[in-house]
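> following is a predicted model, sequence given first.
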Amino acid sequence: MADSYSKEKVETIEVEVLPPEGKGRGFAQKLPAGQMDALPRLIALLMDNLFKIPGVKQRLGLNPFLDLLPVFGDGAAAVVSALTLFVAARYRVPNVVLVRMAMNILLNAVIGIIPGVGEVFAFWFRPSSRNFAMLQKHLSEQGERREASTREDWLFVTGLVGGVLLVFTVCIGLGTYFFYALLHATFFSGR
């Protein structure tokens with residue numbers, strides 16, 4: 001019986017992690033060759049589109065799961081999503097678009113602080129997919145006439161990401177303070 005297994009031809013099965021180019025919505029649309037970094041697409045996939053939910057059109061990513069981790073999860077999701085801003089700066093995306101992308105990340109992070117509401121909002125809002133779609137739109141409009149990013153572009157994006165993280169840190173601090181005050185008032189006010 002062992003001889004029959006050794007004589008059989010072994011076949012290789014190819015597994016595709018990302019959806020095929022040109023199929024699907026949003027993050028899987030094909031752009032002209034050489035114009036799209038894999039990082040924003042990967043971030044959109046991981047954060048917003050990783051799992052298919054049976055019976056539901058919308059996919060689920062890691063973002064709502066990260067939001068379940070108090071403080072750390074919201075920050076981690078914001079940092080991962082902010083990586084798209086650096087790629088966008090490399091492609092000379094206009095500052096107005098970069099600010100809109102940063103606001104998507106900030107809005108998701110701030111609302112993500114609210115237990116229960118943040119997870120549902122992240123599932124619905126999908127900031128990484130929105131940012132990827134904005135990047136795709138800019139790249140398809142820009143075509144082949146791409147200029148190199150300048151020092152000012154990088155400084156602007158670094159300041160933008162720093163500002164987003166600063167506002168988010170202040171929100172976490174305020175949320176922690178109010179949560180502590182609520183716990184203290186509830187359990188220690190009668191003593």
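Cool, the structure landed.
> which strands and helices lie in contact with whichever strand or helix holds residue 129?
Applying DSSP states H and E as the criterion places residue 129 in helix 127-142. Contacts defined by 3 or more C-beta pairs under 8 Å, 6 or more residues apart in numbering; DSSP states H and E place helix 127-142 against helix 38-48, helix 72-90, helix 95-112. Yep, even glycine has a C-beta here, placed from its N, CA and C like the rest.
> which residues are contacting whichever helix or strand comes after the shortest one?
I take that to be helix 38-48. Downstream of helix 38-48, the next assigned helix or strand under DSSP H and E is helix 63-67. With C-beta atoms under 8 Å, 6 or more residues apart in numbering as the test, helix 63-67 has contacts from 47-48, 73-74, 76-77, 81, 108, 112, 118-120, 122-123, 126-128.
> how about stretch 108-120?
Applying C-beta under 8 Å, 6+ apart, the external contacts of stretch 108-120 come out as 63-64, 67-68, 70, 73-75, 77-78, 81, 121-122, 125, 127, 164, 167-168, 171-172, 175.
> and these, which are buried?
By neighbour count, with 16 or more other C-beta atoms under 10 Å, the contacts of stretch 108-120 hold 63-64, 67, 73-75, 77-78, 81, 121-122, 125, 127, 164, 168, 171-172, 175 as buried.
> dump the helices and strands packed on helix 127-142 into a markdown table; add distance to residue 184 and mean pLDDT as well.
Listed next are the helices and strands packed on helix 127-142 as a markdown table, based on distance: least, C-beta to C-beta, whole Å; pLDDT from 0 to 100:
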| stretch | distance to residue 184 | mean pLDDT |
| --- | --- | --- |
| helix 38-48 | 35 | 84 |
| helix 72-90 | 23 | 83 |
| helix 95-112 | 24 | 86 |
